[in-house]
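Q: the following block contains a protein sequence and its predicted model.
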Amino acid sequence: MATRLIYNPVAGGGRARTIVDRLAPELARIPDLEVLATRAPGHARELSRAVRDRPDCLVISVGGDGTHHEVANGLLPDPKAHMGVIAAGSGNDFAGYLGLPKDPAAALRAALESPARAIDVGRVNDEYFLTVVGAGFDAEVAAYINERPKAKNGQLAYLGAILTMLTRYECKPLSVAVDGEPRSRSTLLLACGNTSRYAGGIKICPTATPFDGHLDVVWVGGLPRLRILGLLVGAYSGAHVRNPVVETFPATRLRVDGPAGYHVHADGELVAELPITIECVPGALSVRLPRDPS
């Protein structure tokens, strides 16, 4: 099988480049291997798109959730190639949810030797996502982080951004329509999870799994600033869903509308502004997994 390893040399503050350098002896033993570094945003998407129609090809993504997001979007919507994942970013939520090895050499072996399994992906407008799409407070946090160089410690970077946005963010009304029935409420954030976690381990959609054919929606109503931090602390364990201002429900497709300029993130990357349509695409991507994370 041909193998194309795509890595983002700046992911994780240069961690991806370091990992690829350290894996050089193992990589040298892989037949028919291409090792390709991305040169700019969007390049990983191009590199994976070039081989998505090859059923004999494995595409290994080395980087953070943003890199995996690009690789998956290059492979989709109808890939024949398989995807492997080596975590080398700041948050690593996709690899963490899937239970992939943290050790790069072990993750490489998992990508090369594990069976492929079809996983669901989400789609927001025309952009696919692997973990969570969100609008509201979390999207503003993502915007704040993306304006600055990526820190090596993902959780500290997210915590700093959260504390900063607590002083700035104003809850706004959002309208959500599921099966054509819209409802509106003042909103702190709306998250739709294909997997359970984002932002370096926050379990924002604690029951979400990419093996059930739907997304898990978590809609957090408006809160005073002094109560937001406590709710977000609870989200690290998933306990926030017990708060009465939090509504949860499954959905295969929903429409979200709200004020102009309202940011939307997917896999931690800014991808759109409201209004948006979000849907689940069941079993769309084939990923090499060493065990069943569901």
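A: Good, I have the coordinates.

Q: buried residues in the lowest-mean-pLDDT helix or strand in the chain, which are they?
A: When each helix and strand of the chain is scored by mean pLDDT, DSSP states H and E, helix 154-166 comes last, with a mean of 79. The neighbour-count check on helix 154-166 (16 or more other C-beta atoms under 10 Å) flags Gly154, Ala157, Tyr158, Gly160, Ala161, Ile162, Met165 as buried. Glycine gets a C-beta too; all of them are placed from N, C-alpha and C.

Q: now do stretch 41-49: distance to the chain's middle.
A: 16 Å (C-alpha atoms, centre = their mean, to the nearest Å).

Q: check stretch 286-294 too.
A: 16 Å.

Q: before we move on, what about stretch 65-85?
A: Centroid displacement of stretch 65-85 relative to its chain, using C-alpha atoms, centre = their mean, is 12 Å.

Q: swap in stretch 38-51?
A: For stretch 38-51, the distance to the chain centre is 17 Å (C-alpha atoms, centre = their mean).

Q: ditto for stretch 12-32
A: Chain-centre distance of stretch 12-32: 23 Å, with C-alpha atoms, centre = their mean.

Q: can I get it in PDB? Just the C-alpha atoms.
A: C-alpha atoms of stretch 12-32 as PDB (Å, rounded to 0.1, in the frame of the first residue of the first chain):
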ATOM      1  CA  GLY A  12       2.200  22.400  18.200                       C
ATOM      2  CA  GLY A  13       4.900  25.000  18.100                       C
ATOM      3  CA  GLY A  14       7.100  22.900  15.800                       C
ATOM      4  CA  ARG A  15       6.200  19.600  17.500                       C
ATOM      5  CA  ALA A  16       5.100  18.000  14.300                       C
ATOM      6  CA  ARG A  17       8.400  18.700  12.600                       C
ATOM      7  CA  THR A  18      10.300  17.300  15.600                       C
ATOM      8  CA  ILE A  19       8.200  14.100  15.500                       C
ATOM      9  CA  VAL A  20       8.800  13.500  11.800                       C
ATOM     10  CA  ASP A  21      12.500  14.000  12.400                       C
ATOM     11  CA  ARG A  22      12.500  11.500  15.300                       C
ATOM     12  CA  LEU A  23      10.500   9.000  13.300                       C
ATOM     13  CA  ALA A  24      13.000   9.100  10.400                       C
ATOM     14  CA  PRO A  25      14.400   5.600  11.000                       C
ATOM     15  CA  GLU A  26      10.900   4.000  11.100                       C
ATOM     16  CA  LEU A  27       9.800   6.000   8.100                       C
ATOM     17  CA  ALA A  28      12.800   4.900   6.100                       C
ATOM     18  CA  ARG A  29      11.600   1.300   6.400                       C
ATOM     19  CA  ILE A  30       8.100   2.000   4.900                       C
ATOM     20  CA  PRO A  31       7.900   1.100   1.200                       C
ATOM     21  CA  ASP A  32       6.300   3.500  -1.200                       C
END
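
Q: tell me the mean pLDDT over that stretch?
A: The predicted model assigns stretch 12-32 a mean pLDDT of 96.

Q: let me see the backbone angles for Asp53.
A: The phi/psi pair for Asp53 (degrees, to the nearest 10) reads phi -90, psi 10.

Q: apologies, that question was intended for Leu27.
A: phi -60, psi -30.

Q: where's it relative to Gly74, distance?
A: Note on Leu27: its distance to Gly74, by C-beta to C-beta, to the nearest Å, is 21 Å.
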